[in-house]
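K.L.:
Got a sequence here, can you model it:
(one chain, ligands or ions: 2)
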Amino acid sequence: MPMNRETHVFHTNREDLERAAQLLREGQTVAFPTETVYGLGANALNPEAVKKIYEAKGRPSDNPLIVHIARLEDISQLVTHIPEKAKLCMERFWPGPLTLILPCTDRVPSAVTAGLDTVGIRMPDHETALQLIALAGIPLAAPSANSSGRPSPTTAAHVLEDLSGRIAGVVDGGAAGVGVESTVLDVTGDKPMILRPGGITREMLQELLGPVGIDPALSDAGIAPKSPGVKYTHYAPKGTMFLIEGEHDVDKIVELARAARHDGKKVGILAAAEDADAFRSVFSEEEGAVILEAGSRHDLSTVASRLYDAIRTFDHHGVELIYAQTYSEEGVGLAVMNRLRKAAGHRVIFS
Ligand code: TXA
Ligand code: MG
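P.N.:
Ligands and ions are numbered 1, 2, ... in the order given. Got it, this is the predicted structure:
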């Protein structure tokens, strides 16, 4: 596909969604909002259309895509069978931010599965996404609609920042809510395994299913992950990010930021809402420190929903060094810390 074509911005009215659906049926790529992040959609049953996703994103072709459906019936052409635990998950969490890895039929092109014999499927909890999939009348393969390696987009503006001129259209449905990508759960084995933490938490899954494991590769950079996408550098700001752990994190960040400014570096601080004023009383923006509030320690869903926008905002300010506070790994905190560690390239400083 030519890479310098105009990207059409659609709105969420019926007429616009029909036009966007038409492009998808014709084998084009259209980005759309979901409750997690924006996805870059294409007809999941058409390998040529799916190839355009990889081209537009610059995505490695060994990284499989998630297929999005609007109705439960749509799954039958995609999977050979649905294990009991998967059924329970669908009843409880769909539509919602949970991707289930299931054994796939040969109708699913290898361009979608990257040659695996499984496929990731989810039903997004977003009115516009569901309408678009239903109008298109086809399942949509859709990875996050960012250039490969960049933070996932939570607004249509983020999508255009990365992919304008490289995709046929984007449906502007306002900001995505959850802010981090769906939980990826492998339900093909005896014990369900979380391959990527997200909005449906381990605690929520265990309440329904009993013991749920976590892919060991998520906590050990040396092991090859089962979810191929997890191994790539991801979510990364242009500047270098460090996570500051421990009790004295505020003091440590102040010390590091002062030293970096002394060296003439442009510094960013990603602060918990509870500590932002403490940083603001030390630094002001004119002095070269950009202080952004990630969200509250008492409601980690606020951190999830602001994280990627904050990383992009640091980039807009040309920040070279970012010091970020850390959060509890309970609930959605597991997903937050997973994305923060990746954004920081696993650079952690203890205070
Ligand atoms: O919230 C989301 O999941 C967003 C929205 C757009 O739905 N999509 C998204 O897609 O994050 P993507 O492509 O950026 O991430 C898909 C993840 C990757 O880590 C990929 O490796 C994994 O899911 N995945 C997909 N199919 C898989 C499979 N058959 N087996 C294991 N992992 C798979
Ligand atoms: Mg992605």
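
K.L.:
Return, as residue ranges, the portions of this structure with sub-threshold pLDDT.
P.N.:
1-4, 220-224, 228-234, 285-288 (pLDDT under 70).

K.L.:
Swap in 80 and give it another go.
P.N.:
Low-confidence regions of the chain, defined by pLDDT under 80, span residues 1-5, 219-235, 284-288.

K.L.:
domains of it?
P.N.:
The chain breaks down into these domains under automatic domain parsing: 8-218, 240-350.

K.L.:
Tabulate those domains (CSV), appending distance to ligand 1 and mean neighbour count.
P.N.:
Just so you know, the C-beta spots here come from the backbone N, C-alpha and C atoms, and that holds for glycine as well. Output for the domains of the chain, formatted as CSV (distance: least, Cβ to the nearest ligand atom, whole Å; neighbours: other Cβ atoms under 10 Å):
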stretch, distance to ligand 1, mean neighbour count
domain 8-218, 3, 20
domain 240-350, 10, 19
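
K.L.:
Could you provide those domains in a markdown table, with additional columns for distance to residue 227?
P.N.:
Converted to a markdown table, these look like this (distance: least, Cβ to Cβ, whole Å):
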| stretch | distance to residue 227 |
| --- | --- |
| domain 8-218 | 4 |
| domain 240-350 | 11 |
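
K.L.:
looking at those, which is closest to residue 226?
P.N.:
Residue 226 sits nearest to domain 8-218 of all the domains of the chain, at 5.3 Å, using Cβ to Cβ.

K.L.:
May I have the distance across the closest one, first residue to last?
P.N.:
Terminal residues of domain 8-218 lie 37 Å apart, using Cα to Cα, to the nearest Å.

K.L.:
How about stretch 293-302?
P.N.:
10 Å.

K.L.:
what does it contact?
P.N.:
Here stretch 293-302 makes contact (Cβ atoms under 8 Å, 6 or more residues apart in numbering) with 178-179, 270-274, 276, 303-307, 310, 324-325, 327-328, 330-333, 336.

K.L.:
Residue 12 reaches residue 172, doesn't it?
P.N.:
Yes. The criterion here is Cβ atoms under 8 Å, and residue 12 meets it with residue 172 at 7.5 Å.
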